[in-house]
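Asker: when you get a sec, could you give me coordinates for this:
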Amino acid sequence: MSKEFACSIKRIRFDENYLPADSTRLTTNFANLARGEFRQENLRNTLRMMNNRFNALANWDNPEGNRYSIELDIISADIDIEGNGETFPFIEMLKSTIVDHQTNERLEGMIGNSFSSYVRDYDFSVVLPAYFSGPHDSDKPEGFGDLHGKLYQYLVNSEVFKAEFEKQPVTCLSVSTSKKYYRTGNQHPVLGVEYKQNEYSRTDEYFKKMGLQVRYFMPANAVAPLAFYFSGDLLRDYTDIELISAISTMETFQKIYRPEIYNANAAAAEVYQPSLEFPDYSLTQIVYDRVERGQLAVKQGKWTEENFIKPYKDILEQWAAKFSVENKTTETQAA
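Answerer: Alright, predicted model coming up:
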């Protein structure tokens, strides 16, 4: 039997008063917006954009377009490798709750949405550059993403996680600029028109090791498809409200972070390749530092190497060699 790690979950509200925790990756979308001179204005405008998009998509019985509003909690999952109370900040996600102002109900939104991981920083900002600095036979090192994928599956299948959330996470990201996407005839009433591509991106393959498959949809009045990473059945397992919460939350972040793609002035064609060099786009009135984001990713990756990968190298390797979702025990305990 492989060693059981202790997992714990914390919540913090993402609103106009949000301040990033010390353990939060500062490259994370929501943390980047909450810094600097315009932090409160940034957060207020971001939430307004999300609410407007949600009401535009949930337009039935909503004639004035203001029936719903979104509340977001940042979900921080820590992991204790040795069971001694020393935890590592493994993953942060977003959990949405929808307030129906007509019925005064609170409705479940999506768990997942954004996906933040220090170990992912290590893989993409430390492991990959080191691999490409020398001779290599493929586009990634052998076993790339294996440990991260197993740790993720360990967390979301733990009793601690299942006690908090009834459904598995859905992560919604930008499509890859290195691939072409082809519009299909399939159209979902909420997710919109489906796109497909002929070859997985490196991110797609990385998420596959987390037990997640991917589909690409362009919702109504959007200009580019979003990549949805999920386990199970995306179209069957989640309600319309949950799907709309994911779209409105993550499309807003993408419009701010990648306006060349998601705030372009022309919609994606039948054959579409995203580009960050596309000149015809509009900027939001929200300040976002993309240069700093890239620099911090490297620092965070190196910090992860020194504080997680190296200290626990032998334990993690032994655990990963034996771990599988099928034989995972249910002895995970709250820290």
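
Asker: helix or strand right after the worst-scoring helix or strand of the chain on mean pLDDT?
Answerer: Across the helices and strands of the chain, mean pLDDT, DSSP states H and E gives its lowest value to helix 29-33, namely a mean of 62. Using DSSP states H and E, the helix or strand that follows helix 29-33 in sequence is helix 39-57.

Asker: who does that following helix touch, helix- and strand-wise?
Answerer: Applying 3 or more CB pairs under 8 Å, 6 or more residues apart in numbering; DSSP states H and E, one finds that helix 39-57 contacts helix 29-33, strand 68-80, helix 240-257. C-beta here means a position set from N, CA and C on the backbone, and glycine is covered the same way.

Asker: can I get the CA coordinates of that helix in PDB?
Answerer: Taking C-alpha atoms only, helix 39-57 is exported to PDB below (Å, rounded to 0.1, in the frame of the first residue of the first chain):
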ATOM      1  CA  ARG A  39      -6.600  46.500  -7.400                       C
ATOM      2  CA  GLN A  40     -10.100  47.300  -6.100                       C
ATOM      3  CA  GLU A  41     -11.300  48.900  -9.300                       C
ATOM      4  CA  ASN A  42      -9.900  45.900 -11.200                       C
ATOM      5  CA  LEU A  43     -11.800  43.400  -9.000                       C
ATOM      6  CA  ARG A  44     -15.000  45.400  -9.100                       C
ATOM      7  CA  ASN A  45     -14.900  45.600 -12.900                       C
ATOM      8  CA  THR A  46     -14.000  42.000 -13.300                       C
ATOM      9  CA  LEU A  47     -17.000  40.800 -11.200                       C
ATOM     10  CA  ARG A  48     -19.200  43.200 -13.100                       C
ATOM     11  CA  MET A  49     -18.100  41.600 -16.400                       C
ATOM     12  CA  MET A  50     -18.800  38.100 -15.100                       C
ATOM     13  CA  ASN A  51     -22.300  39.100 -13.900                       C
ATOM     14  CA  ASN A  52     -23.200  40.700 -17.200                       C
ATOM     15  CA  ARG A  53     -22.000  37.700 -19.200                       C
ATOM     16  CA  PHE A  54     -23.800  35.300 -16.900                       C
ATOM     17  CA  ASN A  55     -27.100  37.200 -17.300                       C
ATOM     18  CA  ALA A  56     -26.600  37.400 -21.100                       C
ATOM     19  CA  LEU A  57     -26.300  33.600 -21.300                       C
END
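
Asker: from what I see, residue 76 and residue 10 are in contact.
Answerer: Yes: counting by CB atoms under 8 Å, residue 10 is a contact partner of residue 76 at 4.6 Å.
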